[in-house]
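[1] Model the structure of this input:
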Amino acid sequence: MKGIMNKALKKTILKRVCLKYDVPCDLIDLEAVCDSQMHTSEELRALTDQYIQPLMKDKARDEYAKDKLDLKGEVERIERERNRIEQEFAEEEFEQALEGIVSNASSEVDKYYLTTDDYIEMVGAGYENALIITSAGGMGKTYRTLMKLKKMGAKFHYKSGYTTPLAFYKYLWRNNEPDTTIVLDDFDAIFKSPQGVANLKQALWAPTKERIIEWDTTSDKAKDVPSKFKFQARVIFLMNKLPDNADVSAVITRALFHKIHFKFPTLIQLMFEIAKQPSGKHTKKERLTIMQFIRNNANPSVKDLNIRTLFKAYDCYAYAKAEGKDWHRLVKEMLEPDETVAYVIELESQELKVGDRVAKFVRNGFGSRATYYRVKQELKRRGVLK
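    Okay, the predicted model is just below:
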């Protein structure tokens, strides 16, 4: 096992070694031995040689020498056991949390977006000139932004979709009003243009108080706009994913940056809160029934599970109800798992060494070693794996 281990884990392993080779634990000051700086499994083997082996009887010492005690494997087994217990405890807490959400008559969606709302308000009220919000699709960034600005009574303009650099420049010019917020949604393509990136950086921030946006061209297409102007509006930029290029960091430093991300349990809780809110002709009981079905059939390997999934499920339910169809079948089809992700989760739950899991992953055609670790890292980031 790479890395280090804590005191409790060291004590557990050394106790197991003592029991295996019939050495009374009270003959060793485990507190003192384990109080030293944290150890790798290789260093822990040296501790067993130093403190436990001399206390073994001849037969046990011979067995110990033959065994070449696999402390690395023991560490992995203990950690898997601990993770399983923690997972069971987390799931129990999760179910209790869902019961609390369902039993509470009021919806508390806002608590999941406290920081998001504060950042939007900072721009809408003029405390900041620019904000960049990123999230996976269907996590509520557009809805929260527009709703918050409307609730504040802030003046804003909203534009979504592809645009050329010149059209972007013209849009900024035509909507350049003091105390106004421009909301740009899904404008990722602007990062592919050096001119577009330059104008975006000019719009977000300037070393002086005056933000000057320029378009240096002799093209007839730009005759209806000035070659430069003082930009007085504020900007909120909404994106699903930051493009992977050098210009992005330069843009981020010029604005507030906020990432909306929900781990799987939190997303399910949020969706239950949303299900309590009125929506179309569905009753509250129907909405919660639909959401409970999603909960029962979804897991962290489901592709693109998000808030929109719930509203698509509402539509499936309405259609099935009107046409005498089975809404369960329609909704379940939307909850298709990603087979690669599902297999990594399955492997991580098995009593195997890390190398054996990776080998099994590659051997069964799910991808390379790098793919395994990339998926595993993403699952850790999402709180699915420890």
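[2] Next secondary structure after the lowest-mean-pLDDT helix or strand in the chain?
    When the helices and strands of the chain are compared on mean pLDDT, DSSP states H and E, helix 71-103 comes out lowest with a mean of 62. As assigned by DSSP states H and E, the chain's next helix or strand after helix 71-103 is helix 114-124.
[3] Show me the chain divided up by domain.
    The chain breaks down by automatic domain parsing into domains covering 7-76, 111-259, 262-334.
[4] hey, least reliable of these by pLDDT?
    When mean pLDDT is averaged over each of those, domain 7-76 scores lowest at a mean of 72.
[5] residues making contact with stretch 165-183?
    With contact meaning Cβ atoms under 8 Å, 6 or more residues apart in numbering, stretch 165-183 is reached by 123-124, 126, 145-146, 149, 154-159, 163, 187, 190, 193, 195-196, 199-200, 203, 213, 215, 219, 221-222, 224-226, 229, 231-236, 238. Any C-beta I mention is one placed from the backbone N, CA and C, and that applies to glycine too.
[6] Mind checking which of those are in strands?
    Counting by DSSP state E, the contacts of stretch 165-183 place 156-159, 213, 229, 231, 234-236, 238 in strands.
[7] ok, of those residues, which come out buried?
    With neighbours counted using 16 or more other Cβ atoms under 10 Å, the ones in strands among the contacts of stretch 165-183 contain these buried positions: 156, 159, 213, 229, 231, 234-236, 238.
[8] could you redo the residues you listed as a markdown table and give each row distance to Thr116?
    Formatted as a markdown table, these follow (distance: Cβ to Cβ, whole Å):
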| residue | distance to Thr116 |
| --- | --- |
| Phe156 | 16 |
| Lys159 | 20 |
| Ile213 | 27 |
| Phe229 | 31 |
| Phe231 | 25 |
| Arg234 | 16 |
| Val235 | 16 |
| Ile236 | 11 |
| Leu238 | 11 |
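[9] right, and out of these, which lies closest to Leu335?
    Leu238 (26.3 Å; Cβ to Cβ).
[10] ok, that closest one - contacts?
    133-134, 141-142, 145, 183-187.
[11] got TSV for those, with distance to Glu348 too?
    Shown next, in TSV, are the contacts of Leu238 (distance: Cβ to Cβ, whole Å):
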residue	distance to Glu348
Ile133	32
Thr134	28
Lys141	31
Thr142	34
Thr145	37
Val183	40
Leu184	40
Asp185	37
Asp186	34
Phe187	38
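[12] So which of those sit within strands?
    Members of the contacts of Leu238 lying in strands (criterion: DSSP E): 133-134, 183-185.
[13] picking that back up, ok, which pair from the ones in strands among the contacts of stretch 165-183 is furthest apart?
    Distance extremes for the ones in strands among the contacts of stretch 165-183: the farthest pair is Phe229 and Leu238 at 24.0 Å, using Cβ to Cβ.
[14] In this structure Thr115 contacts Lys259, no?
    No - using Cβ atoms under 8 Å, Thr115 is not in contact with Lys259, being 10.0 Å away.
[15] a strand runs through Gly367, doesn't it?
    No - Gly367 is assigned coil when assessed by DSSP: H, G, I helix; E, B strand; the rest coil, not a strand.
[16] For it, give me its contacts.
    Going by Cβ under 8 Å, 6+ apart, Gly367 touches 340, 361, 375.
[17] all helices of the stretch 151-300 of the chain, in order?
    Counting by DSSP state H, counting those that start in this stretch, the stretch 151-300 of the chain has helices at residues 165-174, 194-204, 247-252, 264-275, 284-297.
[18] how about JSON lines for these, with mean neighbour count and distance to Gly324 added?
    Formatted as JSON lines, the helices of the stretch 151-300 of the chain follow (neighbours: other Cβ atoms under 10 Å; distance: least, Cβ to Cβ, whole Å):
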{"stretch": "helix 165-174", "mean neighbour count": "18", "distance to Gly324": "48"}
{"stretch": "helix 194-204", "mean neighbour count": "20", "distance to Gly324": "52"}
{"stretch": "helix 247-252", "mean neighbour count": "15", "distance to Gly324": "51"}
{"stretch": "helix 264-275", "mean neighbour count": "21", "distance to Gly324": "24"}
{"stretch": "helix 284-297", "mean neighbour count": "17", "distance to Gly324": "16"}
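[19] nearest to Cys18, of the ones you listed?
    Evaluated over the helices of the stretch 151-300 of the chain, closeness to Cys18 peaks at helix 264-275, with 38.4 Å, by Cβ to Cβ.
[20] Would you check how far apart the residue lying farthest from the centre of the chain and Tyr21 are?
    Ranked by distance from the centre of the chain (Cα atoms, centre = their mean), the top residue is Asp58, with 54.0 Å. Distance, Asp58 to Tyr21, using Cβ to Cβ, to the nearest Å: 11 Å.
[21] which residues are in contact with both of those two?
    With Cβ under 8 Å, 6+ apart as the test, Asp58 and Tyr21 reach no residue in common.
[22] hang on, the earlier thing: with respect to Val109, which of the contacts of Gly367 is nearest?
    Nearest to Val109 among the contacts of Gly367 is Val375, at 30.3 Å by Cβ to Cβ.
[23] residues contacting the closest one?
    340-341, 344, 367.
[24] Among those residues, the buried ones, what's the PyMOL command?
    Burial among the contacts of Val375 is assessed by 16+ other Cβ under 10 Å; the matching PyMOL selection reads:
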select buried, resi 340+341+344
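[25] If anything else comes up later, I'll come back, but that's it for now.
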